[in-house]
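K.L.:
Got a sequence here, can you build the structure:
(chains A and B)
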Amino acid sequence: MTSSHRRRLSPITQRRLQVFRGNRRAVWSLWIFGLLFIVSLGAELVANDKPIVMQYDGHWYVPLLVDYPETEFGGFLPTTADYRDPVVHDQIADNGWMLWPPVPFSYQTLDRGVRGPVPSPPGSRHWLGTDDQGRDVFARVLYGFRLSVAFALALTVGSIFLGVVIGGVQGYFGGKIDLVGQRLIEIWSGLPMLFLLIILASLVEPNIWWLLGIMLLFSWLGLVDIVRAEFLRARNLEYVRAARAMGLPSRLIMRRHVLPNAMVATLTFIPFLFTGAITTLTALDFLGFGLPPGSPSLGELVAQGKNNLQAPWLGVTAFITLSVMLSLLVFIGEGLRDAFDPRHILTANQVKRPLSSGSHTPAESPRQGSLP
Amino acid sequence: MSDNRLFELRQLTIRFGSHIAVDSLDLHVDRGETVAVVGESGSGKSVSALGALGLLPTGTDIEGERRFDGRDLGKLPPRQWNALRGGRIGFIFQEPMTSLNPLHNVGRQLGETLRLHQGLRGEAAKRRIRELLTQVKLPRVDELMTAWPHQLSGGQRQRVMIAMAIANDPQLLIADEPTTALDVTVQQEILALLDDLRDRYGMGLLLISHDLNLVRRHADRVVVMRHGECVETGATTAVFETPQVAYTRQLIDAVPAGRPPPVAGNAAMLLSASDVSIVFPRPKPFLRPRPSAFVAVEPLSLQLRQGETLGVVGESGSGKTTLASALIRLLPASGEIHFAGQRLDLLGGDALRRQRRGFQIVFQDPYGSLSPRMPVADIISEGLRFHHPELDQTIVAERITEALREVDLPPDCGHRYPHEFSGGQRQRIAIARALILKPKLLVLDEPTSALDRTVQKQLIELLRNVQAKHGLSYLFISHDLAVVRAMAHRILVLKEGKVVEQGQCEALLEAPQSAYTRALIDASSLT
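P.N.:
Below you'll find the predicted structure:
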């Protein structure tokens, strides 16, 4: 395959892009979600308890990236400098300057300067208030959003890989492999994931990798049926048989001829895997079997909202964050699903835009229309 | 306008958006007359009939005058349309597999039409159904009433469809390629039945077909269409004997002709199979003994020499494709297969895959045999790149160009995708994909049956040229003896997995030994 061929989008892809672009809600959701995720990727620059850059005694320092001991700035302890400590703060202010992020708290910074009891209500110091340990809610939401999305992304990629490989092998080879594989999967899917996680929580300190690993053991199951069905259907298509007659090995046939067909069903499934991963993580954190204490987690915020009904900003923030995030994902998912649906009819305003070249109207060749 | 005029279209124009599918078509059908609309695929035959009766999706633009039995169809309210369609106008569609509801038995499907249009119920309906099934000459009528569509053969299904179409004594019967999906021998019976019904009830019959052979035998008048326009019309004999337009002439002449290039006297044996049989085990029912296996092909032997073509003919279900797939080891079979001096049936895994470049296959369906997501150059070169990874880009590109030129396609079309090509062109791409590996044997599984006659003729010539040039051997599978005669040196006739007859092509066609072969020959009307 030469590179010039690759660069040209196939007409099917072009049509799908066009359908997706025509769905304005999905496009907007994608932009907003993308923007939120990019901002949350740079969370350290937005909310942090260290200055981004600073100058002290004519020297440059980058506390964001490098840990400096307190003795560097005239302190007594050789530990990492706490820039929020009034002594250190004044010392630096006298001998130089600091550039702080817009929110001078990280997700685990305990703000001792809060007036009144914690959780304290939103104000100019804490935009969304603090939680019951005096930590800034905005910072926690920002970091929590990033963690949720990253977790969901990793889980989705892993599930797709496992699901496609296992489903593909079962569907393509069929027969005994399929029969045995399906029975094993039925047994496997009978294992209760929640119990495993709870048991795990009592054996080890569950961190994000443990959670990811355990959930990955089960989350690919839903994908197998879809991929297997697609492979079962595709393995008897004439172009697959032609490839077999040509002497291509099974792995090449699967990758080059069958997989592109199965990917359509898989891609439509992604948004649901994604939202599923986020809600599961949130639920586990809410129950207390999830991420270790102190991690920025949306589920923990929900739990705090439940425990502190006198501080509604906790519950409301968690609710709005989760509902916005999941709604955006569902809208994107809808757009994707329509784009991959061959029976989806372009609505009037989409038809007005010129089709690729106009030379292949469906009327001219009805068989071609039914192909994808 | 004579009283006899049943159905008339004047200046019918049908547009899909900016595309004109039918352009100012004039057509009329009288009572008791068969009018045939012929043309290649995409010429607007079906669209004009469907459009005239309002069966096209909304959004299509229909102009012109349409009259049925003196009434203007353009001004008909929707309720009366429903009474007309299925009542006074009957339809028979091409695909008998999908036009019957698989969840209703035959009696119920017929009963539904009768209830809707005539209000017949109970015993009266049953009597009428029995009568209809007898009229379409179906055997064992009482059993059939409770039979499910999947239990019937294609021909029987089409008869049930015809029974449904004539259930309400229609004045006009529209048959859209009624026999295309059926075996040749069954085709004749179905058309004879339609002729008979037309004469008996004085119906008008509008026959839409691409098969001129059929039209010539059964139609009174012919309308030849091309690109949505009527190019010629007249009495059947006149049109066929003295066509006025070059295009009609071309259609009539598009009969596979000529003979394959002769085989050298000392040609080496390329493929020889002895006692090859293919058996499919049936699934074992729960708690009952496993039923005897299904024998798709009974033990048979065949030989094929270098440069020779063996035609395998038979009706659908006779095991032609199964045999070919087994010979090239796409299906498991028992028996010995020798290919170019090697025991093919003993090879497996990598050794078999390396041998595969020596024998290639071209499938029937030009729409399904090319991966829709790959550009043509990739499709053609895939096997080459796998079997010869040592070749560099420029040599591969050269070989692609060479292969495209060999099948008379423009060499610069490599970056285009399969859907941009017509059926005939796609079949050429499939042939190029096989030829690029320089095989010794090419299995052609009905390569021409999905194509129009004119395209078919070109493809046969192409295949013969390639054979003459490279000394290829063909295993040519077809149900159409006219095509086989133009291609094959020897013929093997299969029926239900058994060899009925085999021998030299000419000799076999002139003096067939079995009734089955004779029926096949009659049906394809060799001239």
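K.L.:
so who does residue 26 touch?
P.N.:
I'll assume chain A. Residues in contact with A:Ala26 (CB atoms under 8 Å, 6 or more residues apart in numbering or on different chains) are A:Phe20, A:Phe331, A:Ile332, A:Glu334, A:Gly335, A:Leu336, A:Asp338. Any C-beta I mention is one placed from the backbone N, CA and C, and that applies to glycine too.
K.L.:
Not quite, go with chain B.
P.N.:
When the contact criterion is CB under 8 Å, 6+ apart, the partners of B:Asp26 are B:Leu9, B:Arg10, B:Gln11, B:Leu12, B:Cys230, B:Thr233.
K.L.:
quick check, A:Glu334 in a strand?
P.N.:
No - A:Glu334: not assigned to a strand; according to DSSP: H, G, I helix; E, B strand; the rest coil it is helix.
K.L.:
Which residue lies nearest the spatial centre of chain A?
P.N.:
By CA atoms, centre = their mean, the mean C-alpha position of chain A lies nearest to A:Val149, the distance being 2.8 Å.
K.L.:
low pLDDT regions in the chain?
P.N.:
Picked chain A for this. Chain A contains residues with pLDDT under 70 at A:1-11, A:342-372.
K.L.:
Chain B, not that one
P.N.:
Looking at chain B by pLDDT under 70, you get B:1-3, B:96-97, B:525-527.
K.L.:
Just the buried residues of the contacts of A:Ala26.
P.N.:
A:Phe20, A:Phe331, A:Ile332, A:Glu334, A:Gly335, A:Leu336, A:Asp338 (16 or more other CB atoms under 10 Å in any protein chain shown).
K.L.:
Rebuild those as a markdown table, extending it with distance to chain B.
P.N.:
Shown next, in a markdown table, are these (distance: CB to the nearest CB, whole Å):
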| residue | distance to chain B |
| --- | --- |
| A:Phe20 | 18 |
| A:Phe331 | 28 |
| A:Ile332 | 24 |
| A:Glu334 | 24 |
| A:Gly335 | 21 |
| A:Leu336 | 18 |
| A:Asp338 | 20 |
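K.L.:
still on that earlier bit, out of the contacts of B:Asp26, flag the one nearest to A:Ser40.
P.N.:
Nearest to A:Ser40, judged by CB to CB, of the contacts of B:Asp26 is B:Leu12 at 62.6 Å.
K.L.:
Is that closest one in a helix, a strand, or coil?
P.N.:
Recorded secondary structure, B:Leu12: strand (three-state DSSP).
K.L.:
In this structure it contacts B:Gly64, no?
P.N.:
Yes - B:Leu12 is within contact range of B:Gly64, at 3.9 Å (criterion: CB atoms under 8 Å).
K.L.:
tell me the domain boundaries of chain A?
P.N.:
By the assignment in automatic domain parsing, chain A contains the domains A:12-41+A:139-345, A:49-100.
K.L.:
residue of the stretch 151-300 of chain A with the smallest distance to chain B?
P.N.:
Closest approach between the stretch 151-300 of chain A and chain B, counting by CB to the nearest CB: A:Gly247, at 3.1 Å.
K.L.:
Not counting sequence-adjacent ones, nearest residue to B:Val279?
P.N.:
The shortest distance from B:Val279 to any non-neighbouring residue, by CB to CB, 6 or more residues apart in numbering or on different chains, is to B:Ala293 (4.7 Å).
K.L.:
which of the residues in the helix or strand hosting B:Asn465 are buried?
P.N.:
Per DSSP states H and E: B:Asn465 is located in helix B:453-470. Under the neighbour-count criterion of 16+ other CB under 10 Å, helix B:453-470 has B:Arg453, B:Val455, B:Gln456, B:Lys457, B:Gln458, B:Leu459, B:Ile460, B:Leu462, B:Leu463, B:Arg464, B:Val466, B:Gln467 buried.
K.L.:
Can you confirm whether it lies near chain A?
P.N.:
No - Helix B:453-470 stays clear of chain A (CB under 8 Å from any CB of the partner chain), getting no nearer than 14.6 Å.
K.L.:
distance between that helix and the chain's centre?
P.N.:
In terms of CA atoms, centre = their mean, to the nearest Å, the centre of helix B:453-470 is set 19 Å apart from its chain centre.
K.L.:
For it, give me every contacting residue.
P.N.:
Under CB under 8 Å, 6+ apart, the answer for helix B:453-470 is B:40, B:210-212, B:250-251, B:254-258, B:260-261, B:307, B:309, B:406-408, B:422-424, B:427-428, B:431, B:435, B:438, B:444, B:447-448, B:451, B:472, B:474, B:483, B:486-487.
K.L.:
circling back to that earlier point, touching, the residue nearest to B:Val279 and B:Arg282? I think so.
P.N.:
Yes - between B:Ala293 and B:Arg282 there is a contact at 6.2 Å, judged by CB under 8 Å.
K.L.:
Could I get the contacting residues of B:Met374?
P.N.:
A:Arg256, B:Glu382, B:Tyr417, B:Pro418.
K.L.:
which parts of the host helix or strand of A:Val330 are buried?
P.N.:
Using DSSP H and E, A:Val330 sits in helix A:312-340. Residues A:313-315, A:317-318, A:321-322, A:325-326, A:328-340 are the ones in helix A:312-340 that count as buried (16+ other CB under 10 Å).
K.L.:
Equivalent analysis for stretch B:151-169, please.
P.N.:
Going by neighbour count (16+ other CB under 10 Å), the buried part of stretch B:151-169 is B:152, B:154-168.
K.L.:
taking the residues you listed one by one, which sit in strands?
P.N.:
Secondary structure defined by DSSP state E assigns none of these to strands.
K.L.:
Between all of these, which two are separated the most?
P.N.:
Spanning the widest gap among the buried residues of stretch B:151-169 are B:Gly154 and B:Asn168, at 24.3 Å by CB to CB.
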